[in-house]
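A.B. asks: Show me the folded form of this:
(2 chains)
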Amino acid sequence: GAVVSQHPSWVICKSGTSVKIECRSLDFQATTMFWYRQFPKQSLMLMATSNEGSKATYEQGVEKDKFLINHASLTLSTLTVTSAHPEDSSFYICSARDPRVRFFSGNTIYFGEGSWLTVV
Amino acid sequence: AQTVTQSQPEMSVQEAETVTLSCTYDTSENNYYLFWYKQPPSRQMILVIRQEAYKQQNATENRFSVNFQKAAKSFSLKISDSQLGDTAMYFCAFMKPERGGGADGLTFGKGTHLIIQP
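C.D. replies: Modelled structure (predicted):
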């Protein structure tokens, strides 16, 4: 079946540096990918919608200059946390929909394995 | 904007029992999709069941079934014959229908931590 893969699974970075997380659709082309953030023992919050070949759409309250999203190809979206601070430490998850499958005919939303970011 | 509410932060039942997780939502949309996701300690999101709002029949997937009450904006999940492997966080989620071929992200509830006791 369709698979969405994230890399890295774990990353530790120093405060003030930038870190990039990749989200890849492995066997389908995803024109749209989504980035979520999950704080410990909390829900997933949609951060932004990543659109291939155009600017990402950010949810209200998400700093677009801090969380840079690039969707340069139909199989890859990247989330870069710039000038990271300890409060950016969290679990980040991406998802993508397989456009080959008509939505109501079955599950078409796939989640990556997630990436743990710790800023020290 | 949509909101999804899960009022049970944690539930615990004995193995083989039946458990129901509650979820309510608020939306002005007439057509939409509802989901229950399971998140085990690995943090991988696993689709448990989904429901299209335009379908009156409640969705079922083996031991999992939903009670979808559109007028009440309620979407509860029933797990029958619960198993130890069902222990996980369960999230209720809402998605608006796609327009013009585009896709919307999911709005999640805060989750219910379900513990199945041996």
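A.B. asks: From here on, just use CA atoms for contacts and neighbour counts.
C.D. replies: Will do.
A.B. asks: Up against chain B, what does chain A have?
C.D. replies: A:32, A:34, A:42-46, A:49, A:97, A:104, A:111-114 (C-alpha under 8 Å from any C-alpha of the partner chain).
A.B. asks: are any of those residues buried, and which?
C.D. replies: In those, burial by neighbour count holds for A:Thr32, A:Phe34, A:Ser43, A:Leu44, A:Met45, A:Leu46, A:Thr49, A:Arg97, A:Phe111, A:Gly112, A:Glu113, A:Gly114, counting by 16 or more other C-alpha atoms under 10 Å in any protein chain shown.
A.B. asks: Make TSV from these and add secondary structure, pLDDT and distance to B:Cys92 to it.
C.D. replies: Shown next, in TSV, are those (DSSP: H, G, I helix; E, B strand; the rest coil; pLDDT from 0 to 100; distance: C-alpha to C-alpha, whole Å):
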residue	secondary structure	pLDDT	distance to B:Cys92
A:Thr32	strand	87	22
A:Phe34	strand	94	17
A:Ser43	coil	92	10
A:Leu44	strand	95	11
A:Met45	strand	95	13
A:Leu46	strand	95	14
A:Thr49	strand	92	20
A:Arg97	strand	83	18
A:Phe111	strand	94	15
A:Gly112	coil	95	18
A:Glu113	coil	95	19
A:Gly114	coil	96	19
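A.B. asks: show me the residues around the residue minimising distance to the centre of chain B that make contact.
C.D. replies: The centroid of chain B falls nearest to B:Trp36 when counting by C-alpha atoms, centre = their mean (2.7 Å). By C-alpha atoms under 8 Å, 6 or more residues apart in numbering or on different chains, the residues touching B:Trp36 are B:Leu47, B:Val48, B:Ile49, B:Arg50, B:Leu77, B:Tyr90, B:Phe91, B:Cys92, B:Ala93.
A.B. asks: which of these come close to chain A?
C.D. replies: Taking C-alpha under 8 Å from any C-alpha as the test, chain A is in contact with B:Phe91 out of these.
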